[in-house]
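> heads up, no residue letters with this:
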């Protein structure tokens, strides 16, 4: 059984610091970790919480209720006290009891470490004791973490962790925590960084964006590794500038990325269309949050699928990837760059707040994976033309600065890239561009199946619902149900006949989606790959959990 | 299919358009400045002026309306050894793309912006532009323009743009001199505002109107004197000074990026 530890308090109170420390410490025990974050669109106050879930088995999502609530404020206790599992514990500055551990974190920190700043460490020490884990591992992590700040800071932190553990000793081991998995620390990545690392290893050279939650986390990650990987990161004046900058950079020959969310992507729609007609390999990361308009800026949802598929005026080829795990965030980002360059057209990565912030233990992501092929022809002949009409629709791509001139136009153009109003030239170029969609279709990722073979109930899922749906399948199968899931990590283009045969004929078909209208089911219907199906939707702003899906499927 | 090949003549400009003189002078200036056309990227947005890159020799990125500046920024960052020149109109650069221009000036990125400024929209057939004089009557601004005109030169000087100049298509030698100076400018963004008549849609600021008013900046003017430069930028009406208004030694955007010190990213 997994255990969920929930750290809850105000923005600016160290909720993230404590959560991050616990994730690292618990992964250091060889445990599987999945952590999720819920926060408000504010810098101070409010109520934020950070869930750290551990198990000896792989974890894919969070839980609605916590086994241990660490409430740093009265508001946190009031709002989340009812969301504690039966037999769980609350750790707070209050009254001690069978199900409550009382510690005045600030006062203890001041006493044991000389400053209230160490309150988080006191809490972490207490959590470790309640889980029944020795304080040694936490202690050595604290030493490593604060080594640079001097021996005084290290010993103060260690003393605070020790004191926290002592004060929680009466309840030590009360939670049925999984046994440590050995001495090998499990690597932990969050979705936002995994996408960033995927882009960096793929060879991205220009990253430009206007900050927008929850896309910003990837922008920030890339800024942090920019010197290491040789990347220029520039904050654009707006999203229109961002997308046009990467169009210019792609034209001139470098791999380029912008990060945003639905609102920013709305401003990029014309630029996406530009990349379509100019045949520029750009990659756009849309980290979804619920709309319309500014909506719920820090929450999660899957409301922008149809928008991403249809965005941009006119008709042009594109691919859309929707990772379901942190490891897929890395792999599919690299694949997005590969597809964009091979087919010379825009590619979108569709993720969301849940997956951006999800921290997951997984295999080491190769930070030295080779860069992708940019498919640039070298030394083109002087009579080179940029938009030669070919069978595949892919024209040899040269970049400016070489021996041949490279002419590109947002107007319809002849094969040499110059503006034209010739309707014949238009048809030749439009057909050429759209032929690329056929090639992309043959490379389309097939949906992945998980669960019982020939299951009576089949869950259709895409993107970040992979994790919660997979946990739901496990729960339902354990309870004796005949359930499987189909997960789409690429949502465009889709091969209708392949989708139809992957779905087969289950007695019950349910599309599980983070939106109100069942956008993926609508998309499948639009290509003739789906008839009737049930919808299981969550557009609350909070992510699905496995328990929630399982309950609603069986209920 | 109806064959429009013969109808699709180029250039798409009206007889008497300032763009003809501008194009001719531009070609001369590129040669005078020894620009290798294979290392030249002409960037434009949309409008009659924005079609210029199609009528000369160079690499071309004829992008979206108003978005020449960010596209040029991406090109320059990808390969800072290229000469990146924007040739686009006042509507494209000062209207639709005004925000981008403002921030490119702040960045001081090494792009040359040659703005064809005829104070009117041509391709959409005669509406007011951001630089139209107050009172200018059009089929849309039926009671005349009431907004204050944008002052692109003052804006550039205020943002400490490293090269700010103005010229006139009716003074081709002067225009060539300004273009060459801008092309040779090595320290960041160069804004050259080029006054030109639009015989079809601007009957107010005609060739004659400009010719009677434009006057080379008299000696002595120190282009590093920001206040003097601003005084020139505010001179409009009976007299319009042409020449280099302002220069600044501020480092260019690209020179401050350590990542670019290993050579252009595009050829890595």
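Alright, I've got the coordinates. This one's a predicted model, so the numbers in the text were calculated from it and none came from an experiment. Numbering: from 1, shown residues only, chains lettered A, B, ... in the order given.
> my read: residue A:330 touches residue A:195, true?
Yes: at 7.2 Å, residue A:330 counts as touching residue A:195 under the criterion of Cβ atoms under 8 Å. All C-beta atoms are positioned from the backbone trio N, CA, C, and that covers glycine.
> Looking at these two, which has the bigger crowd around it?
residue A:195 (34 against 27; other Cβ atoms under 10 Å in any protein chain shown).
> List the contacts of the more buried one.
A:218, A:221, A:285, A:323, A:329, A:330, A:333, A:349, A:351, A:356 (Cβ atoms under 8 Å, 6 or more residues apart in numbering or on different chains).
> could you redo the last one with a cut-off of 6 Å?
A:218, A:329, A:333 (Cβ atoms under 6 Å, 6 or more residues apart in numbering or on different chains).
> again, but for residue A:519
Applying Cβ under 6 Å, 6+ apart, the residues near residue A:519 are A:305, A:306.
> Near the residue of the stretch 151-268 of chain B found nearest chain A, how many residues? Count them for me, please.
The minimum distance from the stretch 151-268 of chain B to chain A, using Cβ to the nearest Cβ, falls at residue B:266 (3.6 Å). When neighbours are counted by other Cβ under 10 Å, residue B:266 registers 25.
> ok, it touching residue A:254?
Yes: taking Cβ atoms under 6 Å as the definition, residue B:266 is a contact partner of residue A:254 at 5.3 Å.
> hey, what's in contact with both of these two?
residue B:78.
> Going along the chain, name the strands of chain B.
Under the criterion DSSP state E, chain B carries strands at the ranges B:40-44, B:59-62, B:83-89, B:112-117, B:163-168, B:190-195, B:214-216, B:240-247.
> Could you list every helix and strand in contact with the shortest one?
With contacts defined as 3 or more Cβ pairs under 6 Å, 6 or more residues apart in numbering or on different chains; DSSP states H and E, the packing partners of strand B:214-216 are strand B:240-247.
> Parallel or antiparallel, which strands does the strand it packs on pair with?
strand B:163-168 (antiparallel), strand B:214-216 (parallel) (DSSP bridges).
> If I look at the most centrally placed residue in chain B, what pLDDT would I see?
Compute the mean C-alpha point of chain B, and by Cα atoms, centre = their mean the closest residue is residue B:115, 1.7 Å away. With respect to pLDDT, residue B:115 scores 98.
> Repeat that for residue A:467.
At residue A:467, pLDDT is 98.
> Please name the residues that touch it.
A:60, A:61.
> Of the contacts of residue A:195, keep whichever come out buried.
With burial judged by 16 or more other Cβ atoms under 10 Å in any protein chain shown, the buried subset of those is A:218, A:329, A:333.
> Give me the subset of those residues lying in helices.
The helices, defined by DSSP state H, take in A:218, A:329, A:333 from the buried ones among the contacts of residue A:195.
> ok, so of these, who is nearest residue A:55?
Of all these, residue A:55 sits closest to residue A:329, with 20.8 Å by Cβ to Cβ.
> Turn the strands of chain B into JSON lines, columns for distance to residue A:54.
Below are these laid out as JSON lines (distance: least, Cβ to Cβ, whole Å):
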{"stretch": "strand B:40-44", "distance to residue A:54": "54"}
{"stretch": "strand B:59-62", "distance to residue A:54": "52"}
{"stretch": "strand B:83-89", "distance to residue A:54": "53"}
{"stretch": "strand B:112-117", "distance to residue A:54": "57"}
{"stretch": "strand B:163-168", "distance to residue A:54": "61"}
{"stretch": "strand B:190-195", "distance to residue A:54": "59"}
{"stretch": "strand B:214-216", "distance to residue A:54": "76"}
{"stretch": "strand B:240-247", "distance to residue A:54": "63"}
